[in-house]
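[1] generate a structure from the sequence data that follows.
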Amino acid sequence: MLTSRGFVTPQPHKRPRNSYVRFEAALPNECWQADITHFCLRTGEEVEVLNMIDDHSRLCVSAVARMTFTTAHVLQSLHEAASSWGYPASVLTDNGAVFNARSRKGRTVFESELETLGILYKHARPYHPQTCGKVERFHQTMKKFLLKQRQAGSLRSLQAQIDRFVDHYNTARPHRARSRLTPSEAFSARDRAHPGSPVSATHFRLRTDRVDNEGHVTLRHDSRLLHIGVGRRHNGARVHLYVADLDVRIVTLEGELLRHLELDPSKTYQGRDREVD
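    Have a look, this model is predicted:
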């Protein structure tokens, strides 16, 4: 009755999940994501941890703890990682001062060295930042491991814990996003990209929103406003939506991943069935 009178809009049949392709680099070393997170020692001192992961395989190529990172330290970590895994075709970071000097209208040593090596540097544009969602998720996985260990009392002991985690993560822990291969297996399964290789072009943007009383956030795609279910328990929470084409990660301002989905542009409401690992 309601349908015949035009009050109900028929919904298209769901496409199978495997008919969608999520954004990721096509080859190992096509893109490395790098980001710095923080962790506390037993002494109460806060230290910084620089993580670099391969976008395609999720392999952690570098995880280094320091009291404070400088641009020179970031560059050192890049070279050390490349000595084991080879140099990437591109590097993706946020606009942190240790990575680039955009806000200062200059260039860092890191940017200059990447150019010299022929490595494409991708970073946030004003209001449309590059998403570093995969390395942010790696931060969370690493911290869950560290919080289960005896809290490190020194930088040296923290680095030892991180090294144990990285070894397990790379070589023993199957990754759902890589068909249950370990990151090391996924990295070795294909030929590697290298500086100068073609790099996939993807549109990145960031939206900040607040979860409404129905547990939804909104996102505009191709001029159409879409509603995404997050869950009523998160009502009122402010979140970032990291968008890479149809790939969306919803993260709290504290860094907790609430949802990872692939948009179905044919649907106004994005239910939980669009979840991806």
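
[2] what pairs with the helix or strand of the chain with the lowest mean pLDDT, parallel or antiparallel?
    Averaged element by element with mean pLDDT, DSSP states H and E, the chain has its least confident helix or strand at strand 204-210 (a mean of 81). Next to strand 204-210 in the sheet, as set by DSSP bridges, lie strand 238-244 (antiparallel).

[3] what pairs with whichever helix or strand comes after the strand it pairs with, parallel or antiparallel?
    The C-terminal neighbour of strand 238-244 among helices and strands, as given by DSSP states H and E, is strand 247-252. Strand 247-252 sits in its sheet next to strand 238-244 (antiparallel), strand 257-262 (antiparallel), going by DSSP bridges.

[4] now the first one: buried residues?
    The one in question is strand 238-244. Of all the residues in strand 238-244, those buried under the rule 16 or more other CB atoms under 10 Å are 239, 240, 241, 242, 243, 244. In short, each C-beta sits where N, CA and C put it, glycine included.

[5] which one of the residues you listed is nearest to residue 67?
    residue 240 (27.3 Å; CB to CB).

[6] ok, now which ones touch the closest one?
    Taking CB atoms under 8 Å, 6 or more residues apart in numbering as the criterion, residue 240 is in contact with 206, 207, 208, 250, 251, 252, 253.

[7] please apply the same query to residue 141.
    Residue 141 makes contact with residue 169, according to CB under 8 Å, 6+ apart.

[8] may I ask which helix or strand encompasses it?
    With secondary structure defined by DSSP H and E, residue 141 is part of helix 133-147.

[9] what's the distance between that helix and the middle of its chain?
    10 Å (CA atoms, centre = their mean, to the nearest Å).

[10] which residues does the helix or strand just after it contact?
    Note on helix 133-147: by DSSP H and E, the next helix or strand toward the C-terminus is helix 155-171. By CB under 8 Å, 6+ apart, the list of residues contacting helix 155-171 from outside reads 39, 41, 47, 49, 59-60, 63-67, 141-142, 145-146, 149, 152, 182-184.

[11] residue 173 is nearest to which of the strands paired with strand 247-252?
    Of all these, the one in closest proximity to residue 173, counting by CB to CB, is strand 257-262 (17.3 Å).

[12] got the angle between that closest one and helix 133-147?
    150 degrees (axes from the mean of the first three to the mean of the last three CA atoms, to 10 degrees).

[13] and the following helix or strand past strand 257-262, what does it pack against?
    Sequence-wise, the next helix or strand downstream of strand 257-262 (DSSP H and E) is strand 269-270. Secondary structure elements in contact with strand 269-270, counted by 3 or more CB pairs under 8 Å, 6 or more residues apart in numbering; DSSP states H and E, are strand 224-229.

[14] so what's the nearest residue to residue 38 once chain neighbours are set aside up against?
    In this structure, residue 38 finds its nearest non-sequential neighbour in residue 46, 5.4 Å apart by CB to CB, 6 or more residues apart in numbering. Taking CB under 8 Å, 6+ apart as the contact definition, residue 46 lies against 38, 39, 40.

[15] what is the nearest of the residues you listed to residue 116?
    Comparing every one of the contacts of residue 46 with residue 116 (CB to CB), the shortest separation belongs to residue 38, at 30.3 Å.

[16] circling back to that earlier point, helices - which of the contacts of helix 155-171 land there?
    141, 142, 145, 146, 183, 184 (DSSP state H).
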